[in-house]
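Participant: here are the coordinates; sequence isn't available:
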Ligand SMILES: Cc1cc2nc3c(=O)[nH]c(=O)nc-3n(C[C@H](O)[C@H](O)[C@H](O)COP(=O)(O)OP(=O)(O)OC[C@H]3O[C@@H](n4cnc5c(N)ncnc54)[C@H](O)[C@@H]3O)c2cc1C
C-alpha cells in the first residue's frame, strides 16, 4: 500500500479514500456530497456478490458470497458447488483474486465430475498467501508477499515473464479431454 500510494502520487494521481457515488464528465461526486474535478477518474472497487444470491436460500457470508467447504460444496446445499470470487471458504478464508479463482478451477472440475459419477470428492486447500505483482507504469512494478513489499524495474520484468508464460499456456489450446472422474486428482498447483 505504501509503495502503491507513492507510485500513484509520483504519477500525478490524487488518491482519495472516500466512497465514489457518481462519475461525471470532468468530475466525481463523493458519497459525502463533494464534487471533485478531475481529468480522469480511476475508481477502485472490490468484488461484489450477485444480488440474487440473497434470495437463493444458500448459506452466505456477511457480504453475500456463497459459503463453501473443503470440497467447494455450499455449506448448506451439497449439490451446489462454488469457487472463485463468488465463493468464500468457510474453513479457509482468503482474498478474492484471479490466482485463487484459477487454482480452484481444476479441483472444482474434478469434484463436479466425481459428484455426477458418484465418486469420492477431494478436499482442496487453497494456498495461505499469494505473490502479488502490480505494474506501476514506466516498466516498474510493486511486489508483495505476505507482509513484505518492494518496488522496482526488476519486479516489472518478473511480472512480465510470469504473465507471458501464463498466456502462452493458453494460446491456441483447444478444449481439454475430460479426465476419468474417479481417477487421480488434477494437480491444483498447476494454475497460475
Ligand atoms: C480490472 C481488474 C483487474 C484484475 N487484475 C487481477 C490480477 O492482476 N491478478 C489477479 O489475481 N486478479 C485480478 N483481478 C481479479 C480477477 O479478475 C478475479 O478474481 C477473477 O476473474 C475471478 O474469477 P471468477 O471466475 O471467480 O469470476 P469472473 O471472472 O468474474 O467470472 C464470472 C463469470 O460469470 C458470468 N456470470 C455472472 N453472473 C452470471 C449469471 N447469472 N449467469 C451466467 N453467467 C454469469 C460473468 O459474466 C463472468 O463471465 C482483476 C479484476 C479486475 C476487475
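Facilitator: Everything's here; your move. Worth saying up front: this structure is predicted, and the values here are computed from it rather than measured.
Participant: please make it C-alpha for all contacts and neighbour counts, starting now.
Facilitator: Fine.
Participant: what about the strands in the protein?
Facilitator: For the chain, the strands defined by DSSP state E cover 20-24, 27-30, 35-37, 66-68, 87-89, 131-137, 140-145, 148-152.
Participant: got the angle for the helix of greatest length in the chain vs strand 131-137?
Facilitator: Counting residues, the longest helix found in the chain (DSSP state H) is helix 98-117. Between helix 98-117 and strand 131-137, the angle comes out at 130 degrees (axes from the mean of the first three to the mean of the last three Cα atoms, to 10 degrees).
Participant: avg pLDDT for helix 98-117?
Facilitator: The pLDDT scores in helix 98-117 average 96.
Participant: grab the nearest non-local neighbour of the residue most central in space within the chain.
Facilitator: Centroid check for the chain by Cα atoms, centre = their mean gives residue 97 as the closest residue, at 1.3 Å. Leaving aside its sequence neighbours, residue 97 sits nearest to residue 85 (Cα to Cα, 6 or more residues apart in numbering; 6.9 Å).
Participant: what is the neighbour count of that neighbour?
Facilitator: Residue 85 has 17 neighbours, counted by other Cα atoms under 10 Å.
Participant: with residue 47 instead?
Facilitator: Close neighbours of residue 47, defined as other Cα under 10 Å, add up to 12.
Participant: residues contacting it?
Facilitator: Going by Cα atoms under 8 Å, 6 or more residues apart in numbering, residue 47 touches 85, 96.
Participant: so what's it scoring on pLDDT?
Facilitator: So residue 47 comes in at 92 (pLDDT).
Participant: got it, and residue 132?
Facilitator: Note on residue 132: pLDDT of 92.
Participant: can you tell me which of the strands of the chain is most buried?
Facilitator: Of all the strands of the chain, strand 66-68 has the most neighbours on average by mean count of other Cα atoms under 10 Å, namely a mean of 28.
Participant: any residue of that strand touching the ligand?
Facilitator: No. On the criterion Cα under 6 Å from any ligand atom, strand 66-68 is out of touch with the ligand, staying 11.5 Å away.
Participant: tell me how far that strand is from the chain's mean position?
Facilitator: 15 Å (Cα atoms, centre = their mean, to the nearest Å).
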